[in-house]
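Sequence below, structure please.
(one chain, ligands or ions: 2)
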Amino acid sequence: MKEQKTVLVTGGCGYIGSHTIIDLLEKGYGVVSLDNLSNSSEKALERVKKITGREVKNYKLDLRDFSALRQMFAEWPHVHGIIHFAALKSVGESVQKPLLYYENNIGGLVNLLRCVREFGVKNFVFSSSCSVYGNAKKLPVTEDAPLQEAESPYARTKQMGEDICRDFIRAWPQKHRCVLLRYFNPAGAHPSGLTGEAPGKEAENLVPVLTEAALGLREEVVVFGDDYPTRDGSCIRDYIHIMDLAEAHSLALAFADRQKSAGTCEVFNLGSGKGTTVLEAIAAFERSTGVDLPWRIGPRRPGDVIAVYANYDKAARLLGWKPRYGIDDIMRTAWAWSQMAAQSDTLEA
Ligand code: NAD
Ligand code: WQD
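Residues are numbered from 1 along each chain as shown. Ligands and ions are numbered 1, 2, ... in the order given. As a prediction, this is how the structure comes out:
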């Protein structure tokens with residue numbers, strides 16, 4: 001029998017991490033998770049078990065605690081690869097607490113890479129973000145677009161994180177392979193409706209805001225500006241379904257593993273390739289769920305880029321990745337999951 005390859009997923013209890021674990025398990029990998037639960041709960045892994053029938057152990061530890069991290073690696077010295085999701089991700093909070101973001105996102109990455117080095121882990125996948133592009137000059141944006149000044153400390157942690165990974169590979173090109181994934185706007189939920197983005201703090205991102213309004217948990221959706229130079233005046237984003245994103249991670253890991261030449265550190269855009277305005281997103285939600293949303297136009301949100309969407313040709317070519325879900329699927333699955341989550345909240349209360 002072939003030996004099972006084990007993948008360490010940091011941030012495995014979070015939104016993208018837990019969905020990626022489902023894809024990894026379905027592809028036959030073993031998975032171990034590391035998450036300090038600062039923005040999640042181990043219930044996410046219970047939901048993963050419901051879907052896959054597989055138990056995943058979580059090490060509740062903080063990446064900033066180097067000795068605890070090293071101890072965990074000592075228990076798992078031969079992992080096949082690491083997918084590194086664990087980070088703080090609120091753009092607004094990062095402006096208020098920049099040092100926390102640098103300490104957590106940069107300090108955590110550096111500690112993890114020290115272990116990657118010491119334990120000789122070959123494959124490393126890093127969660128980056130389209131926020132590294134800022135207001136891109138040419139759309140759809142390709143990976144070689146020049147990066148603009150970061151709009152927030154959060155976005156800067158992603159630009160710096162990418163650079164740290166590149167320097168790491170330059171220093172030790174023989175032993176390690178790295179893939180940097182720039183996500184556009186991840187949204188939606190597992191098609192079973194059994195898991196999705198855990199409702200926690202009040203939502204900031206558009207799709208959870210829509211589901212909260214549909215559930216009556218907020219009075220209305222405020223559209224942040226309708227006077228932008230776009231087709232209907234609202235901002236354009238590239239919403240990518242969470243299971244498409246999840247699959248890209250398994251493909252990225254396989255890509256890293258098959259690289260024969262030294263020094264591989266490759267960056268990929270992960271988006272649907274389609275731009276959707278805020279008003280079109282609201283229309284898609286109403287069309288695909290049959291629920292009318294209360295909404296109004298409000299002022300612009302400071303720091304918002306006008307429009308950004310991906311060219312994902314490189315991921316298609318080198319990873320063999322292609323998004324399968326569209327904006328209506330995103331809205332339908334997000335709605336199915338949020339109803340389920342609201343119901344279980346009521347049952348638990
Ligand atoms: P999430 O908050 O749901 O998941 C991140 C997880 O990491 C959480 O469970 C949190 O508890 C954990 N974590 C944070 N700091 C930690 C630390 N120091 N030690 C151990 N665990 C820690 O976020 P997500 O949406 O799943 O995002 C995953 C990654 O993708 C992040 O790096 C994020 O910056 C990046 N990203 C997210 C989006 C998005 O819109 N969701 C877009 C682009 C990039
Ligand atoms: C989407 C669109 C808003 C809420 C953020 C991070 C980015 C990346 C993805 C991590 C925008 C509009 C939103 C609302 C609205 N994350 N909107 N009313 O800002 O594109 O990207 O998440 O890496 O770094 O910045 O996502 O979901 O907040 O907004 O009109 O109540 O919806 O103006 O045009 P954003 P978002």
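
Any idea how far apart the tips of stretch 2-12 sit?
Chord length of stretch 2-12, first to last residue, is 25 Å (CA to CA, to the nearest Å).

Does that stretch reach ligand 2?
No: judged by CB under 6 Å from any ligand atom, stretch 2-12 stays clear of ligand 2, getting no closer than 12.6 Å. (Each C-beta comes from the backbone N, C-alpha and C, glycine too.)

And stretch 227-243, by the same measure?
Yes: for stretch 227-243 and ligand 2, the contact criterion (CB under 6 Å from any ligand atom) is met by 235, 237.

how about that stretch as PDB, C-alpha atoms only?
Only the C-alpha atoms of stretch 227-243 are listed here, as PDB (Å, rounded to 0.1, in the frame of the first residue of the first chain):
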ATOM      1  CA  ASP A 227     -20.300  57.200  -8.300                       C
ATOM      2  CA  TYR A 228     -17.300  55.200  -9.400                       C
ATOM      3  CA  PRO A 229     -16.300  55.100 -13.100                       C
ATOM      4  CA  THR A 230     -17.800  51.500 -13.600                       C
ATOM      5  CA  ARG A 231     -20.800  50.300 -15.600                       C
ATOM      6  CA  ASP A 232     -23.300  51.000 -12.800                       C
ATOM      7  CA  GLY A 233     -21.200  53.200 -10.500                       C
ATOM      8  CA  SER A 234     -20.400  50.500  -7.900                       C
ATOM      9  CA  CYS A 235     -17.100  48.800  -7.300                       C
ATOM     10  CA  ILE A 236     -16.000  45.700  -9.300                       C
ATOM     11  CA  ARG A 237     -14.600  42.600  -7.700                       C
ATOM     12  CA  ASP A 238     -13.800  39.100  -8.600                       C
ATOM     13  CA  TYR A 239     -15.700  36.600  -6.400                       C
ATOM     14  CA  ILE A 240     -14.300  33.100  -6.400                       C
ATOM     15  CA  HIS A 241     -16.100  30.100  -5.000                       C
ATOM     16  CA  ILE A 242     -14.500  28.700  -1.900                       C
ATOM     17  CA  MET A 243     -14.400  25.100  -3.300                       C
END
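
Give me the buried stretch members for that stretch, please.
Burial within stretch 227-243, assessed by neighbour count using 16 or more other CB atoms under 10 Å, is assigned to 228, 230, 234-243.

Now go through those and say which are in strands.
236-237, 239-241 (DSSP state E).

Can you tell me which of those comes closest to ligand 2?
residue 237 (4.7 Å; CB to the nearest ligand atom).

partner residues bridging that closest one?
Beta bridges link residue 237 to residue 276 when assigned by DSSP bridges.

Let me see the contact set for it.
184-185, 206, 275-276, 278, 281, 307-309 (CB atoms under 8 Å, 6 or more residues apart in numbering).

what's the distance between it and residue 128?
Residue 237 sits 17 Å away from residue 128, going by CB to CB, to the nearest Å.

the strands in the stretch 101-250 of the chain, which residues?
Using DSSP state E, counting those that start in this stretch, the strands of the stretch 101-250 of the chain run over residues 123-129, 177-183, 185-187, 221-224, 236-237, 239-241.

among the ones you listed, which is the most enclosed?
Comparing the strands of the stretch 101-250 of the chain by mean neighbour count (mean count of other CB atoms under 10 Å), strand 239-241 ranks first with a mean of 27.

burial measure for residue 34, as a count.
By other CB atoms under 10 Å, 28 other residues sit near residue 34.

Please look at residue 116 and residue 125 and confirm they touch.
No: using CB atoms under 8 Å, residue 116 is not in contact with residue 125, being 11.3 Å away.

Mind listing the shared neighbours of these two?
Shared contacts of residue 116 and residue 125, counting by CB under 8 Å, 6+ apart, come down to residue 82.

Would you agree residue 241 is in contact with residue 322?
No: contact criterion CB under 8 Å: residue 241 and residue 322 do not qualify, at 11.8 Å.

Tell me the spacing between the residue of the stretch 151-300 of the chain at minimum distance from ligand 1 and residue 87.
Nearest residue of the stretch 151-300 of the chain to ligand 1: residue 183, at 3.8 Å (CB to the nearest ligand atom). The gap separating residue 183 from residue 87 is 12 Å, by CB to CB.
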